[in-house]
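A.B. asks: Predicted structure and sequence below. I'll ask about it afterward.
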Amino acid sequence: MSIVQNLLNSRRSIYHFTEQKVKSSDLEIAFEAASNAPCHKQTHPWNYYVLGDETRKKILPAVISLSKNKAINNKDEENTSSVNRAISKIMDVPVIIAVTTKLSPEDSFREEEDYAATVCSLHNLVLSLWDMGIGSQWSTGSITRHPLTYTVLEINNELEKIVGFLKVGYPKNIPEKQKKKVSEIRKFLP
Ligand SMILES: Cc1cc2nc3c(=O)[nH]c(=O)nc-3n(C[C@H](O)[C@H](O)[C@H](O)COP(=O)(O)O)c2cc1C
């Protein structure tokens with residue numbers, strides 16, 4: 001199998017990262033791949049915001065309150081370890097990138113196509129990183145939709161929507177995932 005085919009088939013979401021730093025130059029290579037994704041009408045609807053420590057700290061009040069609310073809703077005992085885990089998921093990840101797509105409230109088809117293009121771009125980014133031995137995980141946790149996140153990142157929620165955070169770093173381990181068989185997902189029609 002070619003290197004590219006192997007890259008496509010071996011990629012897995014990575015949930016635990018080593019402390020090894022990701023070089024900015026490697027991120028730039030991956031952003032170049034992201035930038036080359038297809039998009040209809042040349043709308044280039046994606047933007048990437050790399051969250052520094054200061055920015056991450058500013059969203060912690062929302063992280064903490066979401067974690068406490070989750071404990072209440074699940075009728076779990078509110079405990080410091082679940083709050084600390086939530087904080088760690090933001091503060092201890094080597095790189096966090098907020099990914100946005102352009103909104104077009106006046107044109108729902110354009111918005112749908114733009115979302116599709118943004119996902120192509122995001123996956124280009126993921127695969128480019130994977131090619132360099134760098135793992136990532138797409139996260140759509142509540143913090144990605146919280147109003148404080150938009151305020152801190154200075155994203156206008158009428159123009160752009162955060163489609164997720166991409167957590168990036170060197171894999172501690174690569175999980176196995178069961179996928180559908182090819183015979184289950186494709187049909188050749190007459
Ligand atoms: C749109 C989207 C949102 C996701 N959001 C989350 C998330 O919030 N939390 C999480 O742990 N994984 C999230 N994932 C990762 C998926 O759980 C993962 O892709 C899935 O388990 C398949 O594993 P694989 O990526 O290793 O093939 C998300 C994936 C996608 C495509």
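C.D. replies: Arrived safely, thanks for sending. Every value quoted in this text rests on a predicted model; they were computed, and no experiment measured them. Numbers count the residues shown, from 1 in each chain.

A.B. asks: ok, longest strand in this protein?
C.D. replies: Longest strand in the chain by number of residues (criterion: DSSP state E): strand 160-169.

A.B. asks: can I get the CA coordinates of that one in CSV?
C.D. replies: As requested, the backbone C-alpha atoms of strand 160-169 are provided in CSV (Å, rounded to 0.1, in the frame of the first residue of the first chain):
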residue,chain,number,x,y,z
GLU,A,160,-18.5,32.6,12.1
LYS,A,161,-19.3,29.4,13.9
ILE,A,162,-16.8,27.4,15.9
VAL,A,163,-17.2,23.8,14.5
GLY,A,164,-14.9,22.4,17.2
PHE,A,165,-11.5,22.5,18.9
LEU,A,166,-8.8,20.4,17.4
LYS,A,167,-6.5,19.1,20.2
VAL,A,168,-3.1,18.4,18.8
GLY,A,169,0.1,16.7,20.1
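
A.B. asks: Let me know the next secondary structure element after it.
C.D. replies: Scanning the chain past strand 160-169 towards its C-terminal end, the next helix or strand to appear is helix 182-185 (assignment: DSSP states H and E).

A.B. asks: is the ligand contacted by that following helix?
C.D. replies: No. With Cβ under 6 Å from any ligand atom as the threshold, helix 182-185 lies outside contact range of the ligand, at a closest distance of 13.9 Å. Yep, even glycine has a C-beta here, placed from its N, CA and C like the rest.

A.B. asks: where's that helix relative to the chain centroid, distance-wise?
C.D. replies: If you compare the mean C-alpha spot of helix 182-185 with that of the full chain, they lie 27 Å apart, counting by Cα atoms, centre = their mean, to the nearest Å.

A.B. asks: And for stretch 119-129?
C.D. replies: Averaged C-alpha coordinates place stretch 119-129 at 10 Å from its chain's average position (Cα atoms, centre = their mean).

A.B. asks: What mean pLDDT does that stretch get?
C.D. replies: Across stretch 119-129, the average pLDDT comes to 98.

A.B. asks: hmm, it touching the ligand?
C.D. replies: No. Using Cβ under 6 Å from any ligand atom, stretch 119-129 stays clear of the ligand, with a minimum separation of 7.7 Å.

A.B. asks: By residue count, what's the longest helix in the chain?
C.D. replies: Criterion DSSP state H: the longest helix present in the chain is helix 108-131.

A.B. asks: Give me the next element, helix or strand, following that helix.
C.D. replies: Counting by DSSP H and E, what follows helix 108-131 is strand 135-139.
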